[in-house]
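# Just the structure for this:
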Amino acid sequence: MARAAEMARRPLWLLVLLLTLCGPALLCACSKGDTATEQDISSSGKVAEIKARGTLLVATTGDYRPLSFRESDGTYWGFGIEVAKEIARGLDVGIAFVQTSWPTLSADVLAEPQTFDLAIGGITITDARKETMQMSEGYLANGKTILCRTAEADRYRSLSDIDQPGVKVMVNPGGLNEKFARQNLSKATILVHPQNEEIPSLIAEGEADIMITEITEAPYYVQADSRLAAPLLAAPFTRGQIGVLMRKGQTDLMQTVNSTIRRMKQDGTLRRLHEKYGLIYAY
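From the prediction side, this is the model:
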């Protein structure tokens, strides 16, 4: 009987012994399995895709001085372009630009198959955009203002001064400038011109009286053309932030973009870009 009881207990003692001797190895095996899973996840995200490609694909309109402008030879320059290059530098990849437009911007971001990784250049952060896409932290203060002819600068001191019969207001199609004009102007005549970069010259030449624009864009044209003025620059109709736009689900890329923007704020890069392009630094 005693021997039988001892034999019955032996498997239990053997199990304890095996667990004691092999437990660390089993735990190590489990740990390696977890690590492998994490590596698989980290190597299958958007950032890994960009690194494997070796190029960050950036959509931009190229018609929005001084944030994003495309020269006739196909080269791009501007504040947003330099931010995009900083993002690519942080990823240790090259960069290529893809043409988009204000009327098609959202559709291009959401299109299948995906043709670029992110969009940049004068894109205001809005709740409407964040409903279907995601936007980064802001890297530039923004707000609606106007351009008019210098000779008539004293005529326009408020939105009500602009919203008068006989006043011609010109906007580019499909963006927030057109939306703002249609929501706030009921008496003035709204004219839509397809090329945003041509509107300031058309204002100066008398084709229209007012351009609805942003505090980021207006100073450039005032400095470039003495015929133009921005009398409400210090008191914009709206206030907001400009950020980077991309489709949802690219969490790792968004984290990289936000980290780059924070680093640029901390190390002075963003301030130097503001000074270079004559923009207001608000951080």
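
# Please parse this structure into its domains.
46-141+241-277, 144-229 (automatic domain parsing).

# Could you point out which of those sits nearest Ala235?
domain 144-229 (8.1 Å; CB to CB). To be clear about C-beta, it is placed using only N, CA and C from the backbone, and glycine gets the same treatment.

# What average pLDDT does the closest one get?
Throughout domain 144-229, pLDDT has a mean value of 96.

# Format the domains of the chain as TSV; extra columns: mean neighbour count and distance to Ala235.
Below are the domains of the chain laid out as TSV (neighbours: other CB atoms under 10 Å; distance: least, CB to CB, whole Å):
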stretch	mean neighbour count	distance to Ala235
domain 46-141+241-277	18	14
domain 144-229	18	8
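
# where exactly do the strands run in the stretch 1-150 of the chain?
55-60, 63-64, 68-70, 76-77, 94-99, 118-119, 133-135, 140-142, 144-149 (DSSP state E, counting those that start in this stretch).

# Quick one: closest of those strands to Arg239.
strand 140-142 (7.3 Å).

# count of neighbours near Gly278?
13 (other CB atoms under 10 Å).

# wouldn't it be in contact with Gln223 here?
Yes: between Gly278 and Gln223 there is a contact under CB atoms under 8 Å: 6.7 Å.

# wait, which of the strands of the stretch 1-150 of the chain is closest to Ile242?
The nearest among those, by CB to CB, is strand 140-142 at 4.2 Å.

# State the paired neighbours of the closest one in the sheet, together with their directions.
strand 240-242 (antiparallel) (DSSP bridges).

# Check which helices and strands the helix or strand just after the partner strand sits against.
Next along the chain after strand 240-242, taking DSSP states H and E as the criterion, comes strand 245-247. Counting contacts by 3 or more CB pairs under 8 Å, 6 or more residues apart in numbering; DSSP states H and E, strand 245-247 is packed against helix 105-110, strand 118-119, strand 133-135, helix 251-266.

# Now tabulate those in CSV and tack on mean pLDDT and distance to Gly90.
CSV is the format used below for the helices and strands packed on strand 245-247 (pLDDT from 0 to 100; distance: least, CB to CB, whole Å):
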stretch, mean pLDDT, distance to Gly90
helix 105-110, 97, 21
strand 118-119, 98, 13
strand 133-135, 98, 18
helix 251-266, 97, 5
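
# So which of the ones you listed is nearest Gln195?
helix 105-110 (15.6 Å).

# What lies in contact with that closest one?
59, 61, 100, 115-116, 119, 123, 129, 132-133, 174-175, 245-247 (CB atoms under 8 Å, 6 or more residues apart in numbering).

# Verify the contact between Asp209 and Val167 for me.
Yes: Asp209 lies in contact with Val167 (CB under 8 Å); the separation is 5.2 Å.

# which stretch among the helices and strands packed on strand 245-247 comes nearest Ser68?
Comparing the helices and strands packed on strand 245-247 by CB to CB, strand 118-119 comes nearest, at 9.8 Å.

# re the thing from before, can you put the helices and strands packed on strand 245-247 in a markdown table and add distance to Ala188?
What follows is those, written out as a markdown table (distance: least, CB to CB, whole Å):
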| stretch | distance to Ala188 |
| --- | --- |
| helix 105-110 | 26 |
| strand 118-119 | 31 |
| strand 133-135 | 31 |
| helix 251-266 | 37 |
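
# do you know which of those lies nearest Val192?
helix 105-110 (16.1 Å).

# Spatially nearest residue to Thr115, not counting backbone neighbours?
Val98 (6.0 Å; CB to CB, 6 or more residues apart in numbering).

# ok, now which ones touch that neighbour?
The contact partners of Val98, taken as CB under 8 Å, 6+ apart, are Leu57, Val58, Ala59, Thr60, Thr115, Phe116.

# which one of these sits closest to Met264?
The nearest member of the contacts of Val98 to Met264, counting by CB to CB, is Val58 at 16.1 Å.

# contacts for the helix or strand hosting Met211?
Met211 is part of strand 210-214 when elements are defined by DSSP H and E. Applying CB under 8 Å, 6+ apart, the set of residues contacting strand 210-214 from outside is 122, 124, 142-148, 156, 162, 167-171, 177-178, 180-181, 188, 199-200, 203, 221.

# so how far is Gln114 from the residue nearest the centre of the chain?
Geometric centre of the chain, nearest residue: Val244, 1.0 Å, by CA atoms, centre = their mean. Distance of Val244 to Gln114, given as CB to CB, to the nearest Å: 15 Å.
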